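*Asks:* give the three-dimensional model of this entry:
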Amino acid sequence: MSISPRMLRTPLLVAAAAVTLSGCIGLGGKTPPFLLTLDADAAPTAGTARTASDAATLTILIPTAPQKLRTPRIPVQQDDASVAYVKDAQWVEAPQRLFQRLVSETVAARTSRVVLDEGQYLTAPGEQLAGQLMDFGVDARANEAVVVYQAMLVSAGGKSVTQRRFEVREPIAGKVEARPVGEALTAAANKVAVEVADWLGG
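*Replies:* This next block holds a predicted model:
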């Protein structure tokens, strides 16, 4: 049964089973009872039309990511050398894609830019925002959700490149479990998206 994330004010999208989490961190391969998504705090107003030439558009690309993030599971950095995953939770799709969509919605809502997805542009993509999602998980030592995004803005025609690093840490309200981790990561991702939008719109 689907549950509206807007109604709940939480990144929880689907409860596949009504179970109680028995632990905080695990490496088991069972289907998780919680599928999580990212919910943008800002979204473009419905019915608003914008026009731009090819060179003035902004195409936001899906960021690259290290191996530990190329999975729907949520990594937990336990110390400098070991990584586990949040038990009984995973994203509904690749976190890089969820993050790219959230940034696109936020930039479109907070700026006057015509924002395109990498699959939408038909001719020249204009400026391109690429980069790497370097961290998108949990620091168990500080009990914080961590989002680190290394952005790279490429001008139309590729004549110049500007880089900027964004990092936000958000306290986890409780144990390292599906719901509080999802809420903290959503809050941190939205703060990064706002910073990116302000940078692009400035």
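*Asks:* from residue 143, how far out is the spatially most central residue of the chain?
*Replies:* The centroid of the chain falls nearest to residue 99 when counting by Cα atoms, centre = their mean (2.5 Å). Distance of residue 99 to residue 143, given as Cβ to Cβ, to the nearest Å: 22 Å. Placement of C-beta: from N, CA and C, glycine included.
*Asks:* check residue 194 too.
*Replies:* Taking Cβ to Cβ as the measure, residue 194 falls 23 Å from residue 143.
*Asks:* more neighbours, these two?
*Replies:* residue 194 (19 against 15; other Cβ atoms under 10 Å).
*Asks:* pull out the buried positions in the longest strand seen in the chain.
*Replies:* In the chain, with assignment by DSSP state E, the single longest strand is strand 127-139. Of all the residues in strand 127-139, those buried under the rule 16 or more other Cβ atoms under 10 Å are 127-139.
*Asks:* cool, and stretch 110-120?
*Replies:* 110-111, 113-116.
*Asks:* again, but for stretch 181-192
*Replies:* Buried residues in stretch 181-192, counting neighbours by 16+ other Cβ under 10 Å, are found at 181-192.
*Asks:* can you check stretch 146-159 too?
*Replies:* In stretch 146-159, counting by 16+ other Cβ under 10 Å, buried: 146-151, 153-154, 156.
*Asks:* of those residues, which one scores lowest on pLDDT?
*Replies:* Across the buried residues of stretch 146-159, the bottom pLDDT score, 85, is held by residue 156.
*Asks:* next structured bit after the host helix or strand of residue 84?
*Replies:* Assessed by DSSP states H and E, residue 84 sits inside strand 83-86. Using DSSP H and E, the helix or strand that follows strand 83-86 towards the C-terminus is strand 89-91.
*Asks:* mind listing the helices for this structure?
*Replies:* Ranges of helices within the chain are 5-8, 95-110, 178-201, based on DSSP state H.
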